[in-house]
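Trainee: Okay, here's the prediction I keep looking at, along with the sequence it came from:
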Amino acid sequence: MKKILMLGGAHSQIPAIKKAREMGHYVITCDYLKENPGHQYAHEYYNVSTTDKEGVLSLAKALNIDGIVSYASEPAAPTAAYVAERLGLPSHPYESVEILSNKDLFREFQKNNNFNVPRAKGYRAVEEAKADFHHFNMPVMIKPVDSSGSRGVSKIDSIDTLQEKIEYALSFSKVKRFIVEEYIEKHGYHVGGDGFSVNGKLVFRSFTNEHFPTIASPNPFVPIGSSWPCQMSEHIQQKIHKEIQRALTLLNMKSGSYNFDIRVDEQENVYLIEIAARNGGDWIPQVTKYATGIDLIEYTIKTALGEDCSDLTMVEPQGYWSVYVLNSETSGVFINVEMDDEIVNGIVEYELLVKSKNHIKAFSGSNEKLGTMILKFPSEGDMLEKMEHITNFVKVNVEHSFVKINSIKKVNI
């Protein structure tokens, strides 16, 4: 029985913990929240923060682990690479994962290697950014360099709100750095999805259409859903694939999973917004399995243990699938969820994380999701119509905030 150390026991990490056990491995979890629900599925739990590299290294040495995984966790990805590299376990290079995990380092890497990249610069101090602000074309994005789930991200078009948005970004940054970068107008859908490399070659990728909330949302830049298959033409998907591969080659990446965040402009220029060296959250790997038959969670565990993954090949998605992150645009007291019966009939999996009378927050980051559902649709047109107008079909009732929409055929969930 091989020992595998899972960094984190949050709800989003339960699928990987369960899969490792199903595969017959001895699973150990660690993080600084002993009440996290994933720990109950592990054989052992240790109270060590997943971002404490030296602490996790000491734990891994003491436990004599065979592999380490950071599943669906951006902050823990550098820790996994650091520990694996020092113990001689399978991993991407730590330095490369650090570049991918820090937005300012990744933009510098892209600029130095002639990728399409927006004008961008990382800062620590508000005054430095103010002094440089006239160099940027408006609008610009303000982001923490090290956050995930779109937390702390803002778009501004003048210096008037710069300080406020910088302070907001820094509140989500562990390293207390932020980046200012010019906004890229997209052509077609924003592209997301997961992929996997074997010995540095991107052998599998499943691109998605990313769906975002309305402008009324507290954070219109945090995705609320993804759909398959990708709407980008095949030749653009091939361009994206080549750019990802070029980045992986330059970074000397090895075997492992990735989560993508990509924009294509009107001239079909590909912008790699992010390549995260981890699986996607919000059930992206689960829907990928429904659509393609490829179990990326299983491959993630296999590669962390040094097992052969050479049988993994490209598989195109079949059917029309989506994942929707249940959320509320307003804070308040959660009452229930009402769904149109057309949505209910298409639900493949559904999990609600809150109960009636729980206090909930307006959706400004993925950590504030209320639940997740996987949907299957009869046609591409039906899928895109439903996903683009999802709040017409799924309503979260919040006390003092809910506005009734009469067109919905109510099914209380």
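Mentor: Alright, I've got the coordinates.
Trainee: May I ask which helix or strand encompasses the nearest residue to residue 41 once chain neighbours are set aside?
Mentor: Using C-beta to C-beta, 6 or more residues apart in numbering and skipping the chain neighbours, the partner closest in space to residue 41 is residue 17 (4.7 Å). (Glycine included, C-beta is placed from N, CA and C.) Using DSSP states H and E, residue 17 sits within helix 14-22.
Trainee: what's the average pLDDT for that helix?
Mentor: Average pLDDT, helix 14-22: 98.
Trainee: Give me the neighbour count for the residue nearest to residue 41.
Mentor: 27 (other C-beta atoms under 10 Å).
Trainee: what's the answer for the one 5 residues further on, then?
Mentor: Close neighbours of residue 22, defined as other C-beta under 10 Å, add up to 11.
Trainee: Distance of it relative to residue 282?
Mentor: Going from residue 22 to residue 282 by C-beta to C-beta, to the nearest Å gives 21 Å.
Trainee: Send me stretch 59-72 as CSV with only the CA atoms.
Mentor: Output in CSV follows, covering the C-alpha atoms of stretch 59-72 (Å, rounded to 0.1, in the frame of the first residue of the first chain):
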residue,chain,number,x,y,z
LEU,A,59,5.9,15.8,7.8
ALA,A,60,6.5,14.1,4.5
LYS,A,61,9.9,12.9,5.7
ALA,A,62,8.6,11.6,9.0
LEU,A,63,5.8,9.7,7.2
ASN,A,64,8.0,8.4,4.4
ILE,A,65,5.5,9.2,1.8
ASP,A,66,5.5,7.8,-1.8
GLY,A,67,3.8,10.8,-3.4
ILE,A,68,2.3,14.2,-2.8
VAL,A,69,-0.7,15.9,-4.4
SER,A,70,-2.2,19.4,-4.4
TYR,A,71,-5.6,18.7,-5.9
ALA,A,72,-7.6,21.8,-7.0
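Trainee: any residues touching that stretch, and which ones?
Mentor: 2-8, 12-13, 15-16, 20, 28, 30, 46, 48, 50, 56, 76-77, 79-80, 83-84, 87, 89-91, 278-281, 297, 300-301, 304-306 (C-beta atoms under 8 Å, 6 or more residues apart in numbering).
Trainee: Where does the prediction get shaky in the chain?
Mentor: The chain contains residues with pLDDT under 70 at 215, 401-413.
Trainee: Where do the helices of it begin and end?
Mentor: 14-22, 53-63, 77-87, 94-101, 103-112, 126-132, 162-170, 234-250, 284-292, 296-304, 341-344, 380-388 (DSSP state H).
Trainee: what are the ranges of the strands in the stretch 301-413 of the chain?
Mentor: 320-326, 332-339, 347-352, 359-360, 371-377, 394-398 (DSSP state E, counting those that start in this stretch).
Trainee: What helices and strands are in contact with the shortest one?
Mentor: Using 3 or more C-beta pairs under 8 Å, 6 or more residues apart in numbering; DSSP states H and E, the elements in contact with strand 359-360 are strand 332-339.
Trainee: what is the orientation angle of the strand it packs on with strand 320-326?
Mentor: Using axes from the mean of the first three to the mean of the last three C-alpha atoms, to 10 degrees, the direction of strand 332-339 lies 160 degrees away from that of strand 320-326.
Trainee: and strand 332-339, which residues are buried?
Mentor: Along strand 332-339, these residues count as buried under the neighbour rule (16 or more other C-beta atoms under 10 Å): 332, 334-339.
Trainee: Repeat that for stretch 252-260.
Mentor: 253-260.
Trainee: ditto for stretch 169-185
Mentor: In stretch 169-185, counting by 16+ other C-beta under 10 Å, buried: 169-170, 172-173, 177-181, 183-184.
Trainee: Kindly indicate which of those residues lies nearest residue 399.
Mentor: Of all these, residue 399 sits closest to residue 172, with 27.9 Å by C-beta to C-beta.
Trainee: Got phi/psi on that closest one?
Mentor: phi -110, psi 10 (degrees, to the nearest 10).
Trainee: thinking it is in contact with residue 147, fair?
Mentor: Yes: using C-beta atoms under 8 Å, residue 172 is in contact with residue 147, at 4.3 Å.
Trainee: Quick check: bridge partners of the closest residue in space to residue 227 that isn't next to it in sequence?
Mentor: The shortest distance from residue 227 to any non-neighbouring residue, by C-beta to C-beta, 6+ apart, is to residue 322 (4.0 Å). Judged by DSSP bridges, the bridge partners of residue 322 are residue 227, residue 375.
Trainee: you'd agree residue 322 is up against residue 228?
Mentor: Yes: with contact defined as C-beta under 8 Å, residue 322 reaches residue 228; the gap is 7.1 Å.
Trainee: Find the residues that touch each one of these two.
Mentor: Looking at what touches both residue 322 and residue 228 (by C-beta under 8 Å, 6+ apart), the common residues are residue 287.
Trainee: How about the contacts made by the closest residue to residue 213 other than its chain neighbours?
Mentor: With C-beta to C-beta, 6+ apart as the criterion, residue 213 has its nearest non-adjacent residue at 5.1 Å, and that residue is residue 224. The neighbours of residue 224, taking C-beta under 8 Å, 6+ apart as the test, are 211-213, 324-325, 327, 363, 390.
Trainee: follow-up on the earlier one: would you turn the helices of the chain into CSV with distance to residue 41?
Mentor: Formatted as CSV, the helices of the chain follow (distance: least, C-beta to C-beta, whole Å):
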stretch, distance to residue 41
helix 14-22, 5
helix 53-63, 17
helix 77-87, 19
helix 94-101, 26
helix 103-112, 32
helix 126-132, 43
helix 162-170, 34
helix 234-250, 32
helix 284-292, 16
helix 296-304, 14
helix 341-344, 29
helix 380-388, 31
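Trainee: Residue 396 is nearest to which of those?
Mentor: helix 341-344 (13.1 Å).
Trainee: elements contacting that closest one?
Mentor: On the basis of 3+ C-beta pairs under 8 Å, 6+ apart, helix 341-344 makes packing contacts with no helix or strand.
Trainee: So this protein: which segments form each domain?
Mentor: Following automatic domain parsing, the chain resolves into domains at 3-91, 119-182, 190-318, 322-398.
Trainee: what about the residue nearest to residue 227, distance to residue 137?
Mentor: Residue 322 is 34 Å from residue 137, by C-beta to C-beta.
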